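K.L.:
need a 3D model of the sequence below.
(chains A and B)
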Amino acid sequence: MKKNGRFMVGLVGVAAVVTYLIWTGVSETMVYYLTPVELMERVEADPSFHDVGVKVGGMVIPGSYSRMEGELLHVFTVRDLVDEETTFTVEFRDALPDTFTDETEVVLEGRLRSDGVFEATTLLTKCGSRFEAAPEDLAGTAG
Amino acid sequence: MTILGEFALWISLPVAAWGMILGYAGGRTQRGDLVLSAERSIYAVFGLLAVASAGVSAAFLGDRFEYWYVASYSNADLELFYKITGLWAGQRGSLLFWALLLAFFSTVCVFTNRHKHREFMPYVAGVLQTVILFFIVVLLFADVNPFERLDFVPADGQGLNPQLQTYWMTIHPPTLYLGFTSFTVPFAFAVAALLAGRLDARWIQLTRRWILTSWLFLAVGIVFGMRWAYEELGWGGYWFWDPVENASLLPFLTATAFLHSIQIQENRGMLKVWNMSLVLLTFLLTIFATFLTRSGLIESVHSFAQELRIAYIFLSFMGAVLAACVVLILYRLPQLRSENQIESFVSRESAFLFNNLLLLGAAFSVMWGTLFPLITEGFTGQQISVGPPFFEKVNFPIGLTLLALVGIGPVIAWRRATKRNLQKNFATPVVVGLVTAAMLWLLGARHGLALVTWSISAFVLAIIATEFWKGTRARARIEGEGYALAFFHLISRNRRRWGGYIVHVGFVTMCIGFAGAAYNTDSRFNVQPGDVVEVTSPFGHTYQLTYEGLSISVGRGQRNLIWQAIATVSVSQDGQPKGVLTTEKRQYTNRDTQPMTEVGIRSIVHEDLYLILSGLNDTNGALNNRTGAQGIDLQVLIKPLIIWIWLGCLMITIGTVIALWPNVDRRRTVTGTGPEPAEPALAGAD
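P.N.:
Sure, this is the predicted structure:
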């Protein structure tokens, strides 16, 4: 029975370590997922939120995309999905994914600098719409 | 044909329901006629679902764009090959395909057991029909009917996403589905064992091959997905901890745990409740994975839709299965008592248990991380997500411990390992591991995690190599055979054991490859034709890359393709010319305004050279062949040891197939390498 007890200690130990890893993992890597409107509200309420890493989903405004000549810096403007008035400029220094266009929905990770420019470290395009077609769009093509 | 298919799908509903009821009733009453009818209903449902699938394929081949599903995933110009594979290109078709595969496996299972194992089979048929019925219900009533018609006929379809138009993408989903669906058979046997009260290890022995097969398909399916991501997504990675990737990993982790823990039940009669729970959990996770992949519950690179009704149907089914199984297990609890107790902390049972616990811990953390946004949103109304760093932080330590256990588990003695057993088996490998670490350090490897991974890998490989060496030599001495023949016989006489070792070597090989990622390099250049750039790899190779220029083809090549810009780069490695690599941008007709990237990869044992055409300086100029418009952004990645990952997967496949092969000689089943009678012959080995 004593052996079993020792064994249980081992099992509980492993469980505890795994729990600890999950706990610290979450607290160190968690990222708020906000809409642009929520992000603006947060930053307004608490300026230190400028330094917090966030994930923001928004819509790229058509025609706002430009690329800095000679360097890998992409600049474009993103608006809230619902409230078209809430916008911010995004700077992204990396290769853009193939799926990026200046009218896609994007999910950005990074932080909103105090000058109001969002410095994105990763950029994902929302691919749901790409992989999932919407034949309703074809309605006009009925022949 | 398509109408017939739709009709067949509707007919399959009552047939599956009939078979389900008769299966359970037949098992309860032991009436042969009911059981026979239940079994035949499975063949019938398979036939009906095959007709339904043929109906969908016919709609694809005939460009029947009045069907929502065809209009969404095909167009007139799509290549024939992708029209054929259109059946599993999207959510609706793949759910039908899922049901078809399940019905196929059910048919195989029922047919091969038609004269055997009568105590299980009625219930097995009942459970299989239950799951099939569920998928038919989903197809018909969850707004995902592949036969749904539009109220107009579009002139052409949307076309298939070009990223899905690759070889890997056509075989990756079916392979995973084969793994998911075939796991239903062991689950059905487990439930049958509970219902029939046959709670010894019989159901496990009967389904061992199914479990292994399913496990293999899962493993290979996941690696195919990695391969697709690596070659097609164009960012040089193979795993992104994306919700859908995670979803396929979950059942694989629990299935791996199950594969190990059933050995304890077979050998020592322990862990019966645990095994029942694991088989249930794995089954639920295969359903969950299908659900997550095909419902778009969590935002992901490849989620397909955002339908709510399907979510409720799936969740209710999973809830019902869970509740029913928990009740059954509780009801049979007295008969599920362990026949033995763990005797020592240092024993094979204990190593296997730790393996199980770690695998479940990994599965739990992956699930937690994947569902975290949903959980936080549910509790705080605020989505908070965790990214790849979370999964890596949690799973790297777990993975490394598992890696070490891969070496320790199979050679530590059952019941209780003696000090001598430990010394004999582990002294040399520990030294090998430490020497490897020291050597790598001297060679300049400074990345802690990679160093630890490679040392543990060396430790494990040393253990396994010693096992093979001892076994071969003992056999060569006793039977007087040559070493090659002895080695061959060694494996063929106990395929299960040595096949398992080969799978382990494959896993270690993959881990060695994974750790290579610590030395990835990434350089970016803006080049004009004739420019030469130099990249030095972590293994000390110097690549000289000469950008030869851009070749444009407009309106040629594959159909659906508007233009294609191919950058040609000559590669020379350490001054030796090594041919050319190309990387492309492609513009397809359908719905993309942005071109797709095709990467150029050159693999050698050490590393992959991975070229990405990140952008054209002047796309319009290049397309019109204007001079001076040939400049490009070229991204050059060096990815060390990638090939080891694919190689490891190949070994896993070979090892599993060896373990699956029927054992011809059952006399020589060796269960461990502890203090055994054969020991004197092996004593010289260390």
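K.L.:
please make it C-alpha for all contacts and neighbour counts, starting now.
P.N.:
OK.
K.L.:
where along chain A do the strands fall?
P.N.:
A:30-34, A:54-60, A:66-67, A:74-79, A:87-92, A:105-112, A:117-125 (DSSP state E).
K.L.:
and chain B, which of those is closest to it?
P.N.:
strand A:30-34 (4.4 Å; CA to the nearest CA).
K.L.:
now for that closest one, which elements pack on it?
P.N.:
strand A:54-60, strand B:383-386 (3 or more CA pairs under 8 Å, 6 or more residues apart in numbering or on different chains; DSSP states H and E).
K.L.:
please give me every residue in contact with residue B:390.
P.N.:
A:22, A:25-26, A:28-30, B:369 (CA atoms under 8 Å, 6 or more residues apart in numbering or on different chains).
K.L.:
hmm, 7 Å instead?
P.N.:
Counting by CA atoms under 7 Å, 6 or more residues apart in numbering or on different chains, residue B:390 makes contact with A:25-26, A:29.
K.L.:
quick one: mean pLDDT for the host helix or strand of residue B:548?
P.N.:
Secondary structure from DSSP states H and E places residue B:548 in strand B:542-554. Per-region confidence: strand B:542-554 scores 92 on mean pLDDT.
K.L.:
for the very next helix or strand once past that strand, packing partners?
P.N.:
Note on strand B:542-554: by DSSP H and E, the next helix or strand toward the C-terminus is strand B:561-573. If contacts are counted by 3 or more CA pairs under 7 Å, 6 or more residues apart in numbering or on different chains; DSSP states H and E, strand B:561-573 sits against strand B:542-554, strand B:576-588.
K.L.:
at 10 Å what do you get?
P.N.:
strand B:532-536, strand B:542-554, strand B:576-588, strand B:596-598, strand B:600-603, strand B:607-616, helix B:619-623, strand B:632-640 (3 or more CA pairs under 10 Å, 6 or more residues apart in numbering or on different chains; DSSP states H and E).
K.L.:
pLDDT averaged over the shortest one - what is it?
P.N.:
For strand B:596-598, the per-residue pLDDT values average out at 86.
K.L.:
mind listing residues that contact it?
P.N.:
Strand B:596-598 is touched from outside by A:97-99, B:162-163, B:231-235, B:564-566, B:582-588, B:611-615, with contacts defined as CA atoms under 10 Å, 6 or more residues apart in numbering or on different chains.
K.L.:
recalculate using a threshold of 6 Å.
P.N.:
By CA atoms under 6 Å, 6 or more residues apart in numbering or on different chains, the surrounding residues in contact with strand B:596-598 are A:98, B:583-586.
K.L.:
chain A contacts on the stretch 51-200 of chain B?
P.N.:
B:72, B:153-155 (CA under 6 Å from any CA of the partner chain).
K.L.:
ok, those residues vs residue B:114, which is closest?
P.N.:
Proximity of these to residue B:114, judged by CA to CA, is greatest for residue B:72, which lies at 42.0 Å.
K.L.:
now the closest one, what's its secondary structure?
P.N.:
helix (DSSP: H, G, I helix; E, B strand; the rest coil).
K.L.:
hang on, it packs against residue B:158?
P.N.:
Yes: using CA atoms under 6 Å, residue B:72 makes contact with residue B:158 at a distance of 5.2 Å.
K.L.:
how is chain A divided into domains?
P.N.:
A:1-30, A:31-131 (automatic domain parsing).
K.L.:
out of the ones you listed, deepest packed?
P.N.:
Mean neighbour count (mean count of other CA atoms under 10 Å in any protein chain shown) peaks for domain A:31-131 among the domains of chain A, with a mean of 18.
K.L.:
report the helix or strand with the lowest average pLDDT across the chain.
P.N.:
If you meant another chain, say so; for now it's chain A. helix A:128-131 (a mean of 40; mean pLDDT, DSSP states H and E).
K.L.:
count the neighbours of residue B:444 for me.
P.N.:
By other CA atoms under 10 Å in any protein chain shown, 11 other residues sit near residue B:444.
K.L.:
many thanks, have a good one.
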